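Colleague: Using only what follows, build the 3D model:
(one chain, ligands or ions: 3)
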Amino acid sequence: MSQDGKYQESELVCPICAQNIFKQSHSLLSSRTKTYLGLDWTNPTADMHICFNCLHILWFLDKAIGMQGESLVWQDEQPLICPLCQEEKLISRETLLSDKATTMFNTDWGNPAALNYICTSCGFMQWFLNAADGEGGETVTVADHELHCTRCNHAHFERSTTLLSSRSATLLHLDWTSPEADTYTCTRCGNIEWFQQG
Ligand SMILES: [Zn+2]
Ligand SMILES: [Zn+2]
Ligand SMILES: [Zn+2]
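Modeller: Ligands and ions are numbered 1, 2, ... in the order given. Here you go, the predicted structure:
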């Protein structure tokens, strides 16, 4: 880690396939109220580090670094700790999970919102959906690896497709043309694993 807490690419390892080569991208963190009001482009932009091998996405929000944060517990009663640097002080926010069709028809404010827990030391973002009940879901294979939840090691997921928004496209009302990611939500703990579509 560098002086200001930011992770350098050379220090990151993909938790899915253990490779350490990433490409960088950015995505707008949409929110329901601002999307509804047409102000979605004023939301913060997160950095994505995308594994070159399996396309797993690691998310970071630098502006969380140095914020006060608090110790939080998830619904499985386990403390939420940054999996990268073990920091316990996190900030939380809600981010809208948009898709192409609803964004095109300007009804994306009705999409489900994920809960983010963001590390105040390194900026790493965890994503959760509340819907998990421990039942159902499917097994997933990514780049020859059977996917296991990076938080609880469960192997069953609900799959969906989520738009990776951008500020400029949102401002121009072209956000529905943005790239999409596959999102797999762990049916036990609700943790979301993100993969850029290949
Ligand atoms: Zn990988
Ligand atoms: Zn951290
Ligand atoms: Zn899990």
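
Colleague: Please name the residues that touch the residue nearest the centre of the chain.
Modeller: Centroid-nearest residue in the chain, with C-alpha atoms, centre = their mean: residue 127, separated by 4.8 Å. By C-beta atoms under 8 Å, 6 or more residues apart in numbering, the residues touching residue 127 are 59, 95, 114-116, 191-192, 194. All C-beta spots, glycine's among them, are computed from the backbone N, C-alpha and C.

Colleague: Close to ligand 3: what parts of the chain are there?
Modeller: With C-beta under 5 Å from the ion as the criterion, the chain meets ligand 3 at residues 149, 151-152, 154, 186, 188-189, 191.

Colleague: Most neighbours among the residues you listed, please name it.
Modeller: residue 186 (26 neighbours; other C-beta atoms under 10 Å).

Colleague: what's the closest non-adjacent residue to that one?
Modeller: residue 149 (3.9 Å; C-beta to C-beta, 6 or more residues apart in numbering).

Colleague: got it, and residue 57?
Modeller: Residue 57 sits nearest to residue 194 (C-beta to C-beta, 6+ apart), 3.9 Å away.

Colleague: Surely the one you found is in contact with residue 179?
Modeller: No - with contacts counted by C-beta atoms under 8 Å, residue 194 stays clear of residue 179, the gap being 11.9 Å.

Colleague: ok so, going back, show the pLDDT at the residue nearest to residue 186.
Modeller: Here, the pLDDT recorded for residue 149 equals 95.

Colleague: next SSE after the strand or helix carrying residue 33?
Modeller: Using DSSP states H and E, residue 33 sits in helix 32-36. Of the helices and strands lying after helix 32-36 in sequence (DSSP H and E), the nearest is strand 45-51.

Colleague: Quick check: what element follows that following strand along the chain?
Modeller: strand 57-60.
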